[in-house]
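Visitor: below are the sequence and a predicted model; questions follow.
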Amino acid sequence: MMNTTWLIIWLVLFVIMIVIEMITTGATAVWFGCGMLVGAVMAAIGAPVWLQIIAFAVSAFLLYAFVRPSVKRKLDRTRKVVKDHRLVGSRALVISEIDNLRGIGEIRIANREWAAKSRESGVVIPEGSIVKVVDVRGDIMIVCMDSSISANMKVRDSEARLDPNLRE
């Protein structure tokens, strides 16, 4: 026989957990909400309260322990990429020489370091240069020299003199 009081309690708690999850977006409350749905199913089939609570606890724990890490990783990666695209158009300081051929390069924007590649192939951007973020590919910032910075003009001129493929 179905216990409607406990069914209603489980469903109300489920709704509360989902609202909390929507507010916090931490991928935590949703697993307890799913556990509460299991408790509600147990109440609907007439299981005793102690079995409902055990079913809730076990299912919530298993979901939290085994499903949450992969979901959280995926959500964090998605949020990071969206956040990173906001940096397009920003200026950054080159903290480690950028060389696409050697696969090296790092920039700093707002006290955070990012892997970087040059937009132009074959161009080496020296440490200390100011660059502009033009694109984001995964977790790598695609940059180009910011020609509006006078210090970069001197760097570009000296690189042109050193590059035998460039004719003056």
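Guide: Alright, I've got the coordinates.
Visitor: now do the SS call for the residue lying closest to I109 once chain neighbours are set aside.
Guide: Spatial nearest neighbour of I109, excluding adjacent residues (C-beta to C-beta, 6 or more residues apart in numbering): A92 at 4.5 Å. In short, each C-beta sits where N, CA and C put it, glycine included. Going by DSSP: H, G, I helix; E, B strand; the rest coil, the secondary structure assigned to A92 is strand.
Visitor: bridging across strands, which residues link to A92?
Guide: Note on A92: beta-bridge partners V131, judged by DSSP bridges.
Visitor: my guess is it meets N111, correct?
Guide: No - using C-beta atoms under 8 Å, A92 is not in contact with N111; the gap is 11.3 Å.
Visitor: between the two, who's got more neighbours?
Guide: A92 (23 against 5; other C-beta atoms under 10 Å).
Visitor: before we move on, the earlier item: which residues does the residue nearest to I109 contact?
Guide: Applying C-beta atoms under 8 Å, 6 or more residues apart in numbering to A92 gives the contacts 107-109, 114, 116, 130-133, 141, 143.
Visitor: so V49 sits right up against L7, yeah?
Guide: No - using C-beta under 8 Å, V49 is not in contact with L7, being 11.3 Å away.
Visitor: wait, G105 touches W114, no?
Guide: No - assessed by C-beta under 8 Å, G105 is found out of contact with W114, at 9.3 Å.
Visitor: more neighbours, the two?
Guide: G105 (24 against 19).
Visitor: what about that one, which SS state?
Guide: strand.
Visitor: CA atoms of stretch 4-22 as PDB?
Guide: In PDB, the C-alpha atoms belonging to stretch 4-22 read as follows (Å, rounded to 0.1, in the frame of the first residue of the first chain):
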ATOM      1  CA  THR A   4       1.200   9.200   0.300                       C
ATOM      2  CA  THR A   5       2.600  11.300   3.100                       C
ATOM      3  CA  TRP A   6       6.200  10.100   2.500                       C
ATOM      4  CA  LEU A   7       5.700  10.300  -1.200                       C
ATOM      5  CA  ILE A   8       4.800  13.900  -0.900                       C
ATOM      6  CA  ILE A   9       7.700  14.600   1.500                       C
ATOM      7  CA  TRP A  10      10.200  13.000  -0.900                       C
ATOM      8  CA  LEU A  11       8.800  14.900  -3.900                       C
ATOM      9  CA  VAL A  12       8.800  18.300  -2.100                       C
ATOM     10  CA  LEU A  13      12.400  17.600  -1.000                       C
ATOM     11  CA  PHE A  14      13.300  16.700  -4.600                       C
ATOM     12  CA  VAL A  15      11.900  20.000  -5.800                       C
ATOM     13  CA  ILE A  16      13.800  21.900  -3.100                       C
ATOM     14  CA  MET A  17      17.100  20.200  -4.200                       C
ATOM     15  CA  ILE A  18      16.500  21.000  -7.800                       C
ATOM     16  CA  VAL A  19      15.900  24.700  -7.000                       C
ATOM     17  CA  ILE A  20      19.100  24.700  -4.900                       C
ATOM     18  CA  GLU A  21      21.000  23.200  -7.800                       C
ATOM     19  CA  MET A  22      19.700  25.800 -10.200                       C
END
